[in-house]
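**Q** Below is the structure, and that's it, no one-letter string:
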């Protein structure tokens with residue numbers, strides 16, 4: 001069993017930055033591929049970014065490419081999402097997800113992930 005706890009969300013203005021953190025516990029973090037998804041009211045959960053177990057491979061949704069960066073610190077069992085140049089359309093609940101996988105392939109659909117955090121709200125005002 002893996003427990004994921006997100007933090008770092010909040011209310012910001014367009015153009016601001018936020019860094020989300022996801023702390024994992026329960027199993028060997030370094031053997032897990034990690035991802036961030038988000039869900040806005042009335043919309044389906046959508047892929048934001050993902051990292052392979054080592055951090056050597058990453059993938060981003062087109063809507064955040066060049067603005068968001070996913071990174072991980074396996075020594076701290078934590079994955080981060082640095083969000084720059086935030087836009088009102090980035091407003092959503094952001095979820096951290098994990099799956100036990102030590103390959104380099106990046107999964108970008110929710111059902112590929114086994115464990116989920118409770119989410120953290122990000123609100124970007126215009």
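**A** All right, it came through fine. Only a predicted model underlies this, so the values are computations on that prediction, with no experimental measurement involved. Numbering: from 1, shown residues only.

**Q** residue ranges for the strands of this structure, please.
**A** For the chain, the strands defined by DSSP state E cover 3-7, 10-13, 18-25, 32-39, 46-51, 58-60, 68-73, 78-83, 92-100, 115-116, 120-125.

**Q** Relative to the longest one, what are the paired strands and their orientations?
**A** Meaning strand 92-100. strand 32-39 (antiparallel), strand 115-116 (antiparallel), strand 120-125 (antiparallel) (DSSP bridges).

**Q** between the longest one and strand 68-73, how big is the angle?
**A** The reference is to strand 32-39. 150 degrees (axes from the mean of the first three to the mean of the last three C-alpha atoms, to 10 degrees).

**Q** center of the chain - which residue?
**A** The centroid of the chain falls nearest to residue 36 when counting by C-alpha atoms, centre = their mean (2.2 Å).

**Q** give me the number of residues near the residue nearest to residue 86 when sequence neighbours are not counted?
**A** Residue nearest to residue 86 in three dimensions, not counting chain neighbours: residue 124, with 4.6 Å by C-beta to C-beta, 6 or more residues apart in numbering. Every C-beta, even on glycine, is put in place using the N, C-alpha and C of the backbone. By the measure other C-beta atoms under 10 Å, the count of residues near residue 124 is 20.

**Q** could I get the strands paired with strand 92-100 as JSON lines with distance to residue 75?
**A** Formatted as JSON lines, the strands paired with strand 92-100 follow (distance: least, C-beta to C-beta, whole Å):
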{"stretch": "strand 32-39", "distance to residue 75": "14"}
{"stretch": "strand 115-116", "distance to residue 75": "20"}
{"stretch": "strand 120-125", "distance to residue 75": "22"}
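
**Q** List just the one of these that sits closest to residue 7.
**A** Minimum separation from residue 7 across the strands paired with strand 92-100 (C-beta to C-beta) falls at strand 120-125, 6.2 Å.
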